[in-house]
Structures are given as structure tokens and as C-alpha cells.
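Novice: mind looking at a prediction? Sequence and model below.
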Amino acid sequence: MKKNEEYIVTCIDDTDLNSGVVKIDDMVVFVPNLLIGEKAKIKIVKVNKKYAFGIIIELLKPSINRQELTCEVAKTCGGCQLQHMSYAYQLDYKYKHVKKLFEGIEVKPILGMDNPWYYRNKAQFPVKIKDGKVQMGFYRQHSNDVVTCKECKIQDHVINEVFSFIQKKITLKMAQDLRHVFIRHSSTDEIQVVFIGKNEKNIISLSDQLKNTFANITSIVFNYNTRNDNVILGDTYKVLYGNDYIIEECLGNKVKLHFKAFFQVNPKQMEVLYSQAIKAANLTGNETCIDMYAGTGTIGMAVSQHAKSVIGVEIVKEAVDNANDNTKMNHLDHCHYVCQDATDFAHDHKEDKIDVIFIDPPRKGMTENGIKDTITMQPDKIVYVSCNPKTLSRDLKIFKEYGYQCEYVQPVDMFCQTIGLECVAKLTKIV
């Protein structure tokens, strides 16, 4: 097999990264976007010793599970990897692959959305100048090239409206000092726009136009970033209008959301996810709960409505201050947050009676030390919220070595049209 050779193939399997699997003379070839059962003419683009990669040249027999692309840049933008699949098939596809990761553990059916479009509450648009024109949109997959677009099919409608307005009004002079434009739209209908770049002086007029056009813009910020890497936000900023935060809402609690703070990008599915986490804990109202890696306190505040007390633990002081402000705003006297290293906190409280620990780590999952810290407190139950099923699977094996087994995993489709998936895992002591 050689590069640029063409073959007619039938897809026999797929991967969790949206590649179809075909065999040519016992050589496995991975073909992006090819569905099981489809027949296609492909071209080989890379050959390794044991496998190769191809691309679809012509689809000869499409699957009944394939749908027409509705986004004009779906083939070039790196955002929506699964848009060519019907939504029902997306859920089946994700379920098949997540189930493989958790052998011997019950994996409940994925909780999907009624409408899997226009759901995201946050967008970050890169800004570049090319051939004398301003480019705004999303990065091409595996590239720093910007794919320009008029709207995004998974960003909410208000974000698309603000994005369209900025595209029409931005000038070369404004764009020359910018790296990104960050837009958030909250479930309370507040809009935040953050310009990211070197200097705000050319952005003032655009900021004024925005606040005069969109009555529900409550925050316009300029974030200074002169770094030479891919980190989006810099350390310092200036408020151009309103506040440096907007008010969000989750399961009845208001959340003061600073522009640097983490918040789930799908507000409807976030409530489904956190409700499933609370369900897994099976709370009676008498429990003492710990919210590890608490961030701005969204999970802990939701849990506090069903428990006797909640202590949130977070190492970032700004996040802790933000979380405690949120508890005061919601009059949650039995929920508070401390700024402390997780290891120190675990050892300080290892003699306390802890009923449930909630953990929601970043994509890389937990370290073994982090797992040890959690079990040092010997909770009756652990509820693990994960945005990466692979690291969750790895961590559950380590938890089992230390005496906690997973009863079940509940997947939630937080990132429709993409390969992403959130999961809630319920762990209990092995007796």
C-alpha cells in the first residue's frame, strides 16, 4: 500500500474519534467520517507499518444513519465532529464506545437533548488579518488557520447575533491589536463580551456600539494578552462597561460568574448532569458533603439544597471568594468554601464523619495522590463527575484498588454534535 493510492472499501467498524475502520489486504485503514456499512472510494494519505489513514473521495453507498450537513463550514471547522450522523445515531455511537471503557460496570443509557442545536452559552472566536481582511470564526482542525463563518449551529442564537454584529462593525484598525473575542450569554439573559489582545484604545468605539445595540449586555471587558503561546486569557484586564461578571443560574441558584471562571457550556444539560450527581448521592437531608475542586461552587450549592452541610475545597483564592459570594447571594448558610490544598484538607478532616464527596476534576482526571486524598476522609459514597470517560475509567480502577467500587456510570450528552461526553459515576465502599 502506498500514499495516494485509491481503493473502493466498505466500513466494518469505527473508533471513538470518528474514524471508520476498513481493511485492505489485512491492513487496517482509518477513514474519518465514514460510517459502519458505508461503501466509499477512498485515497490513502498516510501509511505506517501496521495501519494507514485515508480520506473519502466519493461516497458510493451512504448509511441510513447519515444526515445532510446543515453548517456551511462543517467540513473545514474542527468543532462538530459528528454533524454527519443523525442525533439518534450519535447517541448510539457514543454509548457503544463509552460502554467498552467500563467492563463489568453498569452503564445507563445516555441522557440526550430534545434539540441538540444552538445550546452553547460561551464562544471564543480567534481574530486574524489576512490579505487585508479581518477573519473571525473557528480554527481549522489541527491548524491555526481561521475558518470564517456567519454563525455556529451549536452556539446559542444570541451569541450568533452578537458575533454577526461584531463581524460587520470591526475594522482592520480594531482587529490589529486583537487575538480573540469571547462571548457569553447567560440563562438569565445577560451578555458578556471580552476582547482579548494588546491594547483596548481602538476597541472603545466598538464597545460603545455594542452596549447601545444590545440592551442586555451587562459586561464588556478588555483582557490584556501579549503572550506568544496558545493561552487565550491573560492575567490583567480592564472593565470597559458594566461588571467583570454576569449572573448565571443553575438549579435555582444564582451564580456570579467572572469571565475567567469555569461554567458548563450547555446550561440545560448541566442541570441534568448535576441532578444525576445528586441522585447518585441518594441524599436524605442529614448528610455532611464535601465538594472537592469546587471552582465557583455550582455543584456544592446545588447539593446544599438536599444535605445538612456542604464544605467546598478549592486552591484558587479568587474562585473561593467567588463561591462564598454566591452562597451569600443565595442565602445558603450551610454551604461554605475554603481555600486550601486538597491534601492538607483531607488530612485535617480524616477523623470527621463525611457522608459524600463530590469530585469534578479537569479532563486529565485525578492523580493517584488526589485519589488517596479523597479516600483519606473515608466517605460512605463518592460521586465522580467527569468530562473525559477515558480518564474516568482509569481512575475508577485506582479507586477500586483502594476500596471503592463503581456501582454505575450515567452518561450525559453535554456536547451534542461532537465526540465529547460527560459522565456521573457512583462509588461506594467495598464491604
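Specialist: Now that the structure is in, tell me what you want to look at. Since the model is a prediction, treat every value here as computed from it, not as a measurement.
Novice: tell me how the protein divides into domains.
Specialist: Split into domains by automatic domain parsing, the chain comes to 1-66, 92-114+266-429, 122-247.
Novice: of the ones you listed, flag the one that's most buried.
Specialist: Here the criterion is mean neighbour count by mean count of other Cβ atoms under 10 Å, and of the domains of the chain the winner is domain 92-114+266-429, at a mean of 19. To be clear about C-beta, it is placed using only N, CA and C from the backbone, and glycine gets the same treatment.
Novice: just the endpoints, please. Distance across that domain?
Specialist: 31 Å (Cα to Cα, to the nearest Å).
Novice: kindly report the same for stretch 195-205.
Specialist: Terminal residues of stretch 195-205 are spaced 13 Å apart (Cα to Cα).
Novice: could you do stretch 347-354 as well?
Specialist: Per Cα to Cα, the first residue of stretch 347-354 is 13 Å away from its last.
Novice: one more: stretch 144-162?
Specialist: 23 Å.
Novice: give me the contacts around that stretch.
Specialist: Stretch 144-162 is touched from outside by 70-73, 76-77, 79-80, 83, 117-123, 126, 128, 130, 135-140, 163-164, 167, 183-185, 189, 191, 193, 210, 214, 217, 416-418, with contacts defined as Cβ atoms under 8 Å, 6 or more residues apart in numbering.
Novice: among those residues, which are located in strands?
Specialist: Judged by DSSP state E, strands contain the following of the contacts of stretch 144-162: 122-123, 126, 128, 130, 135-139, 183-185, 191, 193, 217.
Novice: out of those residues, which is nearest to residue 295?
Specialist: Of all the ones in strands among the contacts of stretch 144-162, residue 122 has the smallest distance to residue 295: 14.7 Å, by Cβ to Cβ.
Novice: got a pLDDT number for that closest one?
Specialist: You'll see residue 122 listed with a pLDDT of 97.
Novice: for the stretch 201-350 of the chain, what spans make up the helices?
Specialist: Remark: helices assigned in the stretch 201-350 of the chain by DSSP state H, counting those that start in this stretch are 204-213, 267-281, 298-304, 317-329, 342-348.
Novice: mind giving me the packing neighbours of the second one?
Specialist: The contact analysis (3 or more Cβ pairs under 8 Å, 6 or more residues apart in numbering; DSSP states H and E) places helix 267-281 against strand 245-250, helix 298-304, strand 356-359, strand 381-386, strand 404-412, strand 422-429.
Novice: again, only using 6 Å
Specialist: strand 381-386, strand 404-412, strand 422-429 (3 or more Cβ pairs under 6 Å, 6 or more residues apart in numbering; DSSP states H and E).
Novice: what's the weakest-modelled helix or strand in the chain?
Specialist: Averaged element by element with mean pLDDT, DSSP states H and E, the chain has its least confident helix or strand at helix 342-348 (a mean of 88).
Novice: any idea how far it is from the middle of the chain?
Specialist: With Cα atoms, centre = their mean, to the nearest Å as the basis, helix 342-348 stands 28 Å off its chain's centre.
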